[in-house]
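Q: With the sequence up front, the predicted model follows.
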Amino acid sequence: MQSSIAEREVKPVSLSLTAAEREQQLCRLMAQHKTQLMRLCYLYLGDLALAEDAVQETFLKAYAHIDAFRGESKEATWLTRIAINTCKDMRRTAWLRVFRFSLPLDQMSEQGRDDAYADDTVLQAVIRLPERYKQVILLRYYQQLKISEIADILRVPESNISSRLFRAKARLRDALKGWYFDEE
């Protein structure tokens, strides 16, 4: 009996990455996902400097927990979940509670503006959506993720994601009535 306990103590519990391997993984993740995460954080926070901070914080958290990533989802899904949580945490800070997130895009940091958003009517309508609807719209149409991936990121059943998308699109349709088509 004594020998089996000693044998168990000798066996390694887990294999972890070396520091060099962790750095290599982080560099690869940054190269592959930085732009996508930057877009998401900018749309979520509405400020380029805050988005840069959120992306940096996302990669720091990913680096700290890179050994814990089990590969049960895509890396992009894992990083997006971290980024969304980081953005939520940033929006909860005392300073950002004072900051108004309903600023028009022309008053936001000009560096983050894309020429593709010259007419920001749709983007403003998305930003004004309640949090649960804004999340699914940003992930589905701006990040081009599948409903199953969104469900993994938000940890919500796929049916809820579909319902949220349906309701979000209905709200956007009402908010944008007359903008694209001359509807009454």
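A: Arrived safely, thanks for sending.
Q: tell me the contacts of residue 63?
A: By CB atoms under 8 Å, 6 or more residues apart in numbering, the contact list for residue 63 reads 22, 26. C-beta coordinates here come from the backbone N, C-alpha and C atoms, glycine included.
Q: quick one: it and residue 22, what's the gap?
A: Separation of residue 63 from residue 22 (CB to CB, to the nearest Å) stands at 6 Å.
Q: do residue 156 as well
A: To residue 22, residue 156 is 31 Å away according to CB to CB.
Q: need the next SSE after the longest helix anywhere in the chain, C-terminal direction.
A: Criterion DSSP state H: the longest helix present in the chain is helix 19-45. For helix 19-45, the following helix or strand on the C-terminal side (DSSP states H and E) is helix 48-64.
Q: Tell me where the model's unsure across this structure.
A: Flagging of the chain using pLDDT under 70 yields the residue ranges 1-16, 94-119, 180-184.
Q: May I see the buried residues of the longest helix of the chain?
A: Residues of helix 19-45 classed as buried by neighbour count (16 or more other CB atoms under 10 Å): 25, 29-30, 33, 36-45.
Q: now stretch 71-84
A: Of the residues in stretch 71-84, 76-84 count as buried by neighbour count, 16+ other CB under 10 Å.
Q: Endpoint to endpoint, stretch 125-139 covers what distance?
A: 15 Å (CA to CA, to the nearest Å).
Q: Now it: buried residues?
A: So, applying 16+ other CB under 10 Å, buried residues of stretch 125-139: 125-127, 129, 133-139.
Q: and if you look at stretch 152-159?
A: Buried, per 16+ other CB under 10 Å, within stretch 152-159: 152-154, 156.
Q: which one of these sits closest to residue 51?
A: residue 153 (17.8 Å; CB to CB).
Q: and that closest one, what element?
A: Element membership for residue 153 (DSSP H and E) is helix 147-154.
Q: How far does that helix sit from its chain's centre?
A: 11 Å (CA atoms, centre = their mean, to the nearest Å).
Q: No further questions, thank you.
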